[in-house]
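Student: next input, structure requested:
(chains A, B, C and D)
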Number of protein chains: 4
Amino acid sequence: MAKISVGVLGATGMVGQNYIALLNDHPWFEVRYVAASPRSAGKKYKDAVAGRWQLAKTYAPPVGEIMVEDANDVSRAVAAFKRGDCSFVFSALEMGKDETRALEEAYAAAGIPVVSNASAHRWTPDVPMLIAEVNHQHADIIPTQQKARGWNRGFIVVKPNCSIQSYMAPVHALAKAGYTAERIIVSTLQAVSGAGYPGVPSLDMIDNIVPYIGGEEEKSEKEPLKIFGTIENGVFQNAALPKISAHCNRVPVTDGHTACVSLEFGAKKPSSMEEIIKIWTTYRSLPQELDLPMAPKQPIIYREENDRPQPRKDRDTDKAMAVVIGRLRPCNVFDIRFTALSHNTVRGAAGGGILSAELLKHKGYLG
Amino acid sequence: MAKISVGVLGATGMVGQNYIALLNDHPWFEVRYVAASPRSAGKKYKDAVAGRWQLAKTYAPPVGEIMVEDANDVSRAVAAFKRGDCSFVFSALEMGKDETRALEEAYAAAGIPVVSNASAHRWTPDVPMLIAEVNHQHADIIPTQQKARGWNRGFIVVKPNCSIQSYMAPVHALAKAGYTAERIIVSTLQAVSGAGYPGVPSLDMIDNIVPYIGGEEEKSEKEPLKIFGTIENGVFQNAALPKISAHCNRVPVTDGHTACVSLEFGAKKPSSMEEIIKIWTTYRSLPQELDLPMAPKQPIIYREENDRPQPRKDRDTDKAMAVVIGRLRPCNVFDIRFTALSHNTVRGAAGGGILSAELLKHKGYLG
Amino acid sequence: MAKISVGVLGATGMVGQNYIALLNDHPWFEVRYVAASPRSAGKKYKDAVAGRWQLAKTYAPPVGEIMVEDANDVSRAVAAFKRGDCSFVFSALEMGKDETRALEEAYAAAGIPVVSNASAHRWTPDVPMLIAEVNHQHADIIPTQQKARGWNRGFIVVKPNCSIQSYMAPVHALAKAGYTAERIIVSTLQAVSGAGYPGVPSLDMIDNIVPYIGGEEEKSEKEPLKIFGTIENGVFQNAALPKISAHCNRVPVTDGHTACVSLEFGAKKPSSMEEIIKIWTTYRSLPQELDLPMAPKQPIIYREENDRPQPRKDRDTDKAMAVVIGRLRPCNVFDIRFTALSHNTVRGAAGGGILSAELLKHKGYLG
Amino acid sequence: MAKISVGVLGATGMVGQNYIALLNDHPWFEVRYVAASPRSAGKKYKDAVAGRWQLAKTYAPPVGEIMVEDANDVSRAVAAFKRGDCSFVFSALEMGKDETRALEEAYAAAGIPVVSNASAHRWTPDVPMLIAEVNHQHADIIPTQQKARGWNRGFIVVKPNCSIQSYMAPVHALAKAGYTAERIIVSTLQAVSGAGYPGVPSLDMIDNIVPYIGGEEEKSEKEPLKIFGTIENGVFQNAALPKISAHCNRVPVTDGHTACVSLEFGAKKPSSMEEIIKIWTTYRSLPQELDLPMAPKQPIIYREENDRPQPRKDRDTDKAMAVVIGRLRPCNVFDIRFTALSHNTVRGAAGGGILSAELLKHKGYLG
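Tutor: Sure, this is the predicted structure:
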């Protein structure tokens, strides 16, 4: 089977680099188009990232030879599409919100589907905010979106903020089993890679933590309601619950966001901690059923040790795509509490985006 | 005024070193007796801590010349008391709980008051667990304790766990203003010095956090109930509220425990965030009224910046004895949330112990 | 081809865990025997390491089921050898030097070859201290060693200290090209994993470095002389040069020792920096010619960026077995200076040991 | 005695903040003028640094009320001088080198002496590069400088790079005792505060070191030659020795540069390590003789422990102005080696500048 050609917008930034690195040897997708700011345009990708490459894993040599295009110039991507080099794009654009919103729409209008890591379209009413294991059915809005916009082949899907990724799947798995969370109080200990590069100054992260991440708490409280929401009249209708209160902290960890979650169920409550662990560890969703390449075999891993999960030891579990949970115990105030971890730049960003694209491919939207 | 002679038990350990260093130049107290394990006994203090001294601040030269005694041998302290060198002791013993309990009782029975940093006697029904600004009146149980035990001059007081120090004063200040906390969900990001030396391995604290501290959550949930409790029939009666649920995490910070607190009041709630900030910043207690040497001028400092408090920047505020709070805002689930910080080895350990001793001196118990 | 059965002594310690993890899926070797202290003996390996496993990568499930034997009881290994489960052992013993020396000899005497990570036998005159790419011919002393000791099948080989691994291959490659180093002044910035677990306390590694590692400088200065030495009359004769002066520092890095090297050649000096880089990057040795499974394709990688190598970004290069060098430039005092990096627990410990075993297998000593 | 009024140029930057904080309660100097970029000009100092203040120690309240001036507008400083508010300035300008050079000259030409932390004038032939304990006599060039430039009251002095501060005093003390260093190979482990704020990204400093600091090695090798140089014909003549080769590394430490030094003497060599330690610990210079307020009592402290100096434990020794040395031992290649530490933002920057100003005051240049 010939691979599907892929473009990456914002390919020289940190999230873009993650997309490039994770797509090395991907069985379905092949990076054949890269675009970035005008500053990088016209250079070979390897030259554009020389001295700026942040990852231990490197890019595939052929990608290094691709000429970087100006991401603002949609016509270049259309030309690439026509010659078979850009079936769809991953957007890792790092410009302002309004510009991103407009630019992603321009790509979609020009017939290039956009799987976006940017936050610009998260609250666009007909754009799905996907976590493949949680709300894959939200992708079904795409034909409606295309029709309403007059788009032919293009569309836009986005992913939610990385800070909530570690507890969305566990909360969803419990809901699927009949135990709906009504209230959640969560404190996150978030990795510095979430702020990009150069990002957080080292003077703030040596012998220190910073108890604030701009905008993160609001996103953590609001985005789950769309993810758990429904499609009504061609737009998303938010769920009313759970009510979430988030404390977001930056800690001296490179990768891996940890969440300390206290959770109160509605009237129906699990009978025991063992039942919950069983629900989590046996949970499988569409990506697992389809055995998608980027899908973790088991989306939720439970560790029995009392001091896990830990970011450095657990973040890379199953291609860094599994959520790792530990310390499930009764909460002294709500019903239960636990600690959850997910890799923010893989599961929470580029890896999650690739998994969404695999899902969309399966559903026939990238044909 | 001649200074009161002081002994330190466990003087070579990390908490003991903190006592020694903080008592340099103390206006009322003077270290004239040091005791530790048999291994250190018989050496000069300076030789006993050579190569083991952990602090940037050093000990007073005369303390370095004191011969270390065996802490297990109470008769040595009694002899020191008789010659005017040990009016009372700070206990920083690091032995087992049962041994500590028995040994501290032996000191008290021998007429040497014990102000203890150890946890052994925290749940002894007639032993007060003091935070000087919060429950100074609990010291009034001392005559009852002495009488019941048949102790003449000796007695035992303890301090609570360092993990709760940052939010006890703020919660208490609100209660004094009529706003009682009923439910608290708190996540702490605790410094490694809380585990002593060698304590937490560096392999666990580089690019990592550990979401578990043995016993810490239980203490965090239970100890406040004694602190907020009352004396009835000569013993402490726990308060019923607040219900607390704690998530305790170890983070790569040397000193300073941070707490992310979500709090629900009872029926009576403050009218605004401004009212709460005013309650906190105007709060003064007995140590402030008495202007005790170790007391912070203002026990609760509120920082307006949205990214404070931070451990490295704020832990040393006012001799490292002030609690520093920031980020007060409505909680999406409970009533309010905020971030609080206190220096765990000063406010939360040796400094808190010294402040308690100053209070006891004022009340006449160390005469 | 049936795999060769392997035992690991000290299998529950940190180096032992590295051996176990690196031998997952090894094409030639299969762990079928594990031994540790009496405390672990009698437990399944998975139970013996529960809560003590330090690595992100885990052990192969069948290894988890192996019953741990007492490493002091050589007869257990002999029995395993007889039933085909222990052709040779990797020694990661963590006992005292004298005990290790005696115990490793007992294994060899009993017919079990020992590839040791321990330092006990480094200065035994007929025991080779191998870096596979540098002095593979030193393995040729094995028949002499066996004959002198009256050993039949068993023998002992060791590896040198991890602190010198990053500059031995580069210095050797230059010597092979005719440019012998006469004087080296080197400062190392060493990772905490080199001290095992719990190892270096976090209080020493947060906002700090420690300019001392016990015994490390002496080893760094002496061991290269044996590695560059010759076999004469059945024992090793040290080389006279290079004279080395080492400053060894501990820094807050998990894995990867960095060395800042200033080097003075003898009379014959390379003509340019380019020539040196070419010598390094084209250097290949026996492990590369044989394409041994653990051998890096290119033992020395040169990075052109002016701020590399960096531990976190470069330590895992080519299975963490390549030495990564950068910043070659003229020295203002000697001839050249450069920065070199190698992964201390892989290249410098377990991975290096496995590569040595692969070499010994090729030479027929593990038949 | 009325205090001398002082201005700080670049007062809102990190070095500027250090000047402001260190001048709190200075017995001779009082900050009464602050200038920064046009962006800050017109704001009160407290507002200009709100949310940007980096230090644990804060500024004196009256300084917070001073209106920030535009540092480019020398006439504002002249006006301040005339009304008695700006006798001289500390320059912590962070603009380009050429602009800094011109601007500092403009201040001097306008009659305002400049004690500069910037590097712009380090190689101006008639500008002294002062370390008060090492080359205080270099200040004697000031009248020549003033005359040659046609300056009346103004002049310029600078300080050298922070990376060499830990070993200049020790090398100088040995030279004064007759033991001249001819060759030095040094590796530094430098703190991130040396790069200012935001400075080094945390992604580069978690589980990592960076073996490169732009320009630092060249400065480390060249600046000592001017410091050890002589005044001839009204300009500085560099010393020929020592030849220095420097490897400069960035490490995850907030404050405190560590240097691993190997040193070769000329023909005359100290008889023993004890002699050297005695030379160092008994060394006193003009700042000590004059008992200048910022001078450490003993400029070089020697620690006997084998694992010191360490940045976090030793950097604050004697107001963070003392150099702390340890690990003196014979070098296997040169004559001696040792580890030296100095606080880069105090001794190596603002504190060193203040000490120079105290010296200049004593010499009558700030009258």
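
Student: can you pull out the helices in chain A?
Tutor: Using DSSP state H, the helices of chain A run over A:14-22, A:45-48, A:61-65, A:74-82, A:97-109, A:132-135, A:142-149, A:165-176, A:216-227, A:273-282, A:286-289, A:311-314, A:317-320, A:351-362.

Student: can you dump the C-alpha atoms of the second one in CSV for me?
Tutor: The reference is to helix A:45-48. Only the C-alpha atoms of helix A:45-48 are listed here, as CSV (Å, rounded to 0.1, in the frame of the first residue of the first chain):
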residue,chain,number,x,y,z
TYR,A,45,14.4,21.2,6.6
LYS,A,46,17.7,20.0,8.0
ASP,A,47,19.1,23.5,7.7
ALA,A,48,16.0,25.1,9.1
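
Student: from the middle of its chain, how far away would that helix be?
Tutor: Counting by C-alpha atoms, centre = their mean, to the nearest Å, helix A:45-48 is centred 25 Å from the centre of its parent chain.

Student: list the buried residues of it.
Tutor: For helix A:45-48, a neighbour-count test (16 or more other C-beta atoms under 10 Å in any protein chain shown) marks A:45-46, A:48 as buried. Quick note: C-beta positions are derived from backbone N, CA and C, even for glycine.

Student: would you mind giving the residues you listed as JSON lines with pLDDT and distance to chain D added?
Tutor: Shown next, in JSON lines, are these (pLDDT from 0 to 100; distance: C-beta to the nearest C-beta, whole Å):
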{"residue": "A:Tyr45", "pLDDT": "98", "distance to chain D": "21"}
{"residue": "A:Lys46", "pLDDT": "96", "distance to chain D": "21"}
{"residue": "A:Ala48", "pLDDT": "97", "distance to chain D": "19"}
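
Student: can you redo those residues as CSV with distance to chain C?
Tutor: Below are the buried residues of helix A:45-48 laid out as CSV (distance: C-beta to the nearest C-beta, whole Å):
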residue, distance to chain C
A:Tyr45, 16
A:Lys46, 12
A:Ala48, 14
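
Student: in terms of residue numbering, what are the domains of chain A?
Tutor: A:4-161+A:349-362, A:162-342 (automatic domain parsing).

Student: so which bits of chain A are right by chain D?
Tutor: Residues of chain A lying near chain D by C-beta under 8 Å from any C-beta of the partner chain: A:54, A:192-193, A:197-207, A:252-254, A:312.

Student: now list the buried members of these.
Tutor: For the residues of chain A next to chain D, buried by 16+ other C-beta under 10 Å: A:54, A:192-193, A:197-207, A:252-254, A:312.

Student: in stretch A:26-38, which residues are buried?
Tutor: So for stretch A:26-38, counting by 16+ other C-beta under 10 Å, buried means A:26, A:28-37.

Student: just give me the closest of the residues you listed to chain B.
Tutor: A:His26 (27.2 Å; C-beta to the nearest C-beta).

Student: residue contacts, A:Lys313?
Tutor: With contacts defined as C-beta atoms under 8 Å, 6 or more residues apart in numbering or on different chains, A:Lys313 is in contact with B:208, C:54-56.

Student: what about stretch A:196-209, start to end distance?
Tutor: 17 Å (C-alpha to C-alpha, to the nearest Å).

Student: quick one: mean pLDDT for it?
Tutor: For stretch A:196-209, mean pLDDT is 96.

Student: closest point of chain A to chain C, which residue?
Tutor: For chain A, C-beta to the nearest C-beta, closest residue to chain C: A:Asp207, 4.1 Å.

Student: next to chain C in this structure, residues from the stretch 201-350 of chain A, please.
Tutor: Within reach of chain C by C-beta under 8 Å from any C-beta, the stretch 201-350 of chain A has these residues: A:206-207, A:254, A:305, A:307, A:312-314, A:316.

Student: please identify which of the residues you listed is nearest to C:Met1.
Tutor: Closest to C:Met1 out of those is A:Asp316 (31.5 Å), distances taken as C-beta to C-beta.

Student: wait, that closest one touches C:Thr58, no?
Tutor: No. With contact defined as C-beta atoms under 8 Å, A:Asp316 does not count as touching C:Thr58 (10.9 Å).

Student: in the stretch 1-150 of chain A, which residue sits nearest chain D?
Tutor: Closest residue of the stretch 1-150 of chain A to chain D, C-beta to the nearest C-beta: A:Gln54 (6.6 Å).

Student: quick one, phi psi at that residue?
Tutor: Backbone torsions for A:Gln54, taken as degrees, to the nearest 10, come to phi -100, psi -10.

Student: give the contact list for A:Ile156.
Tutor: Contacts for A:Ile156 (C-beta under 8 Å, 6+ apart) come out as A:104-105, A:108, A:113-114, A:116, A:121, A:124, A:127, A:145.

Student: 10 Å instead, please
Tutor: Contact partners of A:Ile156, counting by C-beta atoms under 10 Å, 6 or more residues apart in numbering or on different chains, are A:91, A:101, A:104-105, A:107-109, A:113-116, A:118, A:120-121, A:124, A:126-128, A:142, A:145-146, A:149.

Student: now swap in A:Gln145 and tell me
Tutor: A:Gln145 sits next to A:108, A:124-128, A:151, A:154-157, A:234-235 when contact means C-beta under 10 Å, 6+ apart.

Student: could I get those residues as JSON lines with pLDDT?
Tutor: Formatted as JSON lines, these follow (pLDDT from 0 to 100):
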{"residue": "A:Ala108", "pLDDT": "98"}
{"residue": "A:Thr124", "pLDDT": "98"}
{"residue": "A:Pro125", "pLDDT": "97"}
{"residue": "A:Asp126", "pLDDT": "98"}
{"residue": "A:Val127", "pLDDT": "98"}
{"residue": "A:Pro128", "pLDDT": "98"}
{"residue": "A:Trp151", "pLDDT": "97"}
{"residue": "A:Gly154", "pLDDT": "98"}
{"residue": "A:Phe155", "pLDDT": "98"}
{"residue": "A:Ile156", "pLDDT": "98"}
{"residue": "A:Val157", "pLDDT": "98"}
{"residue": "A:Gly234", "pLDDT": "94"}
{"residue": "A:Val235", "pLDDT": "97"}
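
Student: and the closest residue to A:Val134 other than its chain neighbours, how far from A:Ile131?
Tutor: Computed as C-beta to C-beta, 6 or more residues apart in numbering or on different chains, the closest residue to A:Val134 that is not its neighbour in sequence is A:His172, at 4.6 Å. For A:His172, the distance to A:Ile131 (C-beta to C-beta, to the nearest Å) stands at 8 Å.

Student: look at those two and report which has more neighbours.
Tutor: Ranked by neighbour count (other C-beta atoms under 10 Å in any protein chain shown), A:His172 and A:Ile131 place A:Ile131 first, with 26 against 22.

Student: count of neighbours near the closest residue to the more buried one other than its chain neighbours?
Tutor: Among residues not flanking A:Ile131 along the chain, A:Met168 sits closest, at 5.5 Å (C-beta to C-beta, 6+ apart). Applying other C-beta under 10 Å, we find 21 residues neighbouring A:Met168.

Student: check the one 3 residues further on too.
Tutor: The burial metric for A:Val171, expressed as a neighbour count using other C-beta under 10 Å, is 23.

Student: ok, it - contacts?
Tutor: Going by C-beta under 10 Å, 6+ apart, A:Val171 touches A:134, A:164, A:179-181, A:184, A:224, A:227-228, A:242, A:244, A:261, A:263, A:340.

Student: and chain C, is stretch A:189-199 touching that?
Tutor: No. Using C-beta under 10 Å from any C-beta of the partner chain, stretch A:189-199 never reaches chain C; the gap is at least 11.7 Å.

Student: report the beta-bridge partners for A:Asp70.
Tutor: Here A:Asp70 sits in beta bridges with A:Ala36, going by DSSP bridges.

Student: stretch A:265-279 near chain B at all?
Tutor: No. Contact between stretch A:265-279 and chain B is absent, the nearest approach being 13.8 Å (criterion: C-beta under 10 Å from any C-beta).
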